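In: Any chance you can model this:
(one chain, ligands or ions: 1)
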Amino acid sequence: KATLADLAQRHGRYFGSATDNPELTDVPYTKILGHEFDSITPGNGMKWYATEPQQGVFDFTAGDEIVNLARANHQKVRGHTLVWHSQLPDWLTGKEWEADELRAVLKNHIQTEVRHYRGKLYAWDVVNEAFNEDGTYRETVFYKTLGPGYIADALRWARQADPRVKLYLNDYNIEAIGPKSDAYYKLAKELKAQGVPLDGVGFQAHLALQYGYPTTLEDNLRRFSRLGLDTALTEVDVRMLLPATEEKLAEQAQWYADMTDACLAVRRCVGITIWDYTDKYSWIPAVFPGEGAALPWDEQLKPKPAYFALRNALK
Ligand code: G3I
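Out: I've put the predicted structure just below:
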C-alpha cells in the first residue's frame, strides 16, 4: 500500500514528520516513522541548547543520531533550527552581550553547525519565529543587541558554510494573510532584492480547531512563490479541546486535507511536515493543558480520520 511519502512524491512533494531522540527506542514507533515518511525534522536535537551547551563546545550527538536514521531510511532532513529565542543555553541567556561579541558568537554557532551537517541536510530553518503577532520584530537577544540585520547576516553565514542546503525563515501563525505574514512577505522581498541567500519560508501551521481554519493559506503561499521562494508546511498539527469527539476528529481530518490541497495547488510549495505523527509524542498536552489529539495517528499508533483524509487529498 502506498505511503504518504509515495503519494506526495507523485506530486513532486515530500511528506515528513518531526521526531525526537527519546522516541527512537520505541520500535513500533520507529517502524512507521521509517516507512511512511520521506523527510524528518529533529524536534529538539539541533537546537542551540543541545548543540552548543557550553560556549565553543559543540555536541552533535542528538542531531547525528537522527541524520543517521534518516539516511538509513532514505529520508531527507530539515535542519531545525539555528537562530531562535527559545531553548538557548544558559551561558547565552545569562549575560549582557556587546554587539561585536554576540555577532561573533552567532556566526560561530551558525557556521560550526552548518559545516558539521554540510551536504547532509535538505534545508535549514535558519531563523525561527522572528516576528510578533502584530508584525513587529520580536525583541530577542539577537534583535536587541544586533538589530534587524541579524537575519540577513545569519542567512549569509549559513550560505558560506553550505552552498547547497536550502535556507528558510520559519514561523507560526503566518498561515493566513495578516500582519505577521505581511511582515514576512515584506522582509522576504527586501532580502531577495538585496541578494541575501533566502530560499524558502516555512509555515509551521500549528492550528487549533477552536480558532478557525486559515482560509487564505493558498493565496498566501502563492504570493511567496511569486517572490521566487519555496514554501513548505513545516510543523503541522491540528489541536482541539479534549475530549476528542467523532465530530471534532472529522473536522480535524478536513483541515489536514485542506492544508494538503493548498500546498498541492501552489507549485513552489515543496512539502509538508507534521510535528511528529502520533499523539503519543505530541508537544501539545504539556503546553496547552486540556488540548491535544492533534496528529493523524492516535496514542496507540492507530491511524485516525486525519490520516485517511491526508491519503485522499494526496491521491
Ligand atoms: O531535556 C529535558 C529533559 O532533561 C527533562 O527531563 C524533560 C522534563 O520535562 O524536559 C526536557 O526538555 C523538554 C524538551 O522539549 C526536550 O524534550 C522541555 O521541557 C520542553 O519544553 C521541550 O519542548 C519542545 C518545545 O519546542 C520547546 O519550545 C518540544 O519538544 C518541541 O516539539 C517544540 O518544537 C517547537 C519548534 O521547535 C518551533 N515551533 C514550535 C514548536 C512547538 O513548540
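In: isn't Pro214 right next to Glu175, touching?
Out: Yes - judged on C-beta atoms under 8 Å, Pro214 makes contact with Glu175 at a distance of 3.9 Å. For the C-beta atoms, the positions are set from N, CA and C on the backbone; glycine is no exception.
In: what's near enough to touch Thr41?
Out: Residues in contact with Thr41 (C-beta atoms under 8 Å, 6 or more residues apart in numbering) are Gly16, Ser17, Ala18, Thr19, Val77, Arg78, Gly79, His80, Thr234, Glu235, Thr273.
In: Swap in 6 Å and give it another go.
Out: Contact analysis of Thr41 by C-beta atoms under 6 Å, 6 or more residues apart in numbering lists Ala18, Arg78, His80, Thr273.
In: Among the residues you listed, which ones are in strands?
Out: Under the assignment DSSP state E, these contribute Ala18, Arg78, His80, Thr273 to strands.
In: what is the residue lying closest to the third one once chain neighbours are set aside paired to in the beta sheet?
Out: Closest residue to His80 apart from its sequence neighbours, by C-beta to C-beta, 6 or more residues apart in numbering: Asp125 at 4.6 Å. Beta bridges link Asp125 to His80, Tyr168 when assigned by DSSP bridges.
In: what about Asp125, neighbour count?
Out: 26 (other C-beta atoms under 10 Å).
In: where does it land on pLDDT?
Out: With respect to pLDDT, Asp125 scores 99.
In: tell me which residues in stretch 304-315 are buried?
Out: The neighbour-count check on stretch 304-315 (16 or more other C-beta atoms under 10 Å) flags Lys304, Pro305, Ala306, Tyr307, Ala309, Leu310, Arg311, Ala313, Leu314 as buried.
In: How about stretch 176-184?
Out: Result for stretch 176-184 [16+ other C-beta under 10 Å]: buried residues Ala176, Ile177, Gly178, Lys180, Ser181, Ala183, Tyr184.
In: now do stretch 279-291
Out: In stretch 279-291, counting by 16+ other C-beta under 10 Å, buried: Asp279, Lys280, Tyr281, Ser282, Trp283, Ile284, Glu291.
In: need the residues of the protein near the ligand, please.
Out: Gly43, Asn44, Ser86, Gln87, Asn128, Tyr172, Gln204, Glu235, Trp283 (C-beta under 6 Å from any ligand atom).
In: so which of those comes closest to Pro243?
Out: Using C-beta to C-beta, Trp283 comes nearest to Pro243 of those, at 19.2 Å.
In: Need phi/psi at that closest one.
Out: The phi/psi pair for Trp283 (degrees, to the nearest 10) reads phi -80, psi -10.
In: so what's the residue nearest to it when sequence neighbours are not counted scoring on pLDDT?
Out: Nearest residue to Trp283, sequence neighbours excluded (C-beta to C-beta, 6+ apart): Trp275, at 6.8 Å. As predicted, Trp275 sits at a pLDDT of 99.
In: all helices for the stretch 51-200 of the chain, in order.
Out: With DSSP state H, counting those that start in this stretch as the criterion, the stretch 51-200 of the chain has helices at 61-72, 90-93, 99-116, 141-146, 150-161, 179-193.
In: count of neighbours near the nearest residue to Lys76 once chain neighbours are set aside?
Out: Closest residue in space to Lys76, ignoring its immediate chain neighbours: Tyr122 at 3.8 Å, by C-beta to C-beta, 6+ apart. A count of neighbours around Tyr122, defined by other C-beta under 10 Å, yields 21.
In: same thing with Asp59?
Out: 13.
In: Any figure for the gap between it and Gly45?
Out: 10 Å (C-beta to C-beta, to the nearest Å).
In: Name only those of the residues of the chain next to the ligand that count as buried.
Out: Gly43, Asn44, Asn128, Tyr172, Gln204, Glu235, Trp283.
In: For the first one, give its distance to His80.
Out: It stands for Gly43. Gly43 sits 8 Å away from His80, going by C-beta to C-beta.
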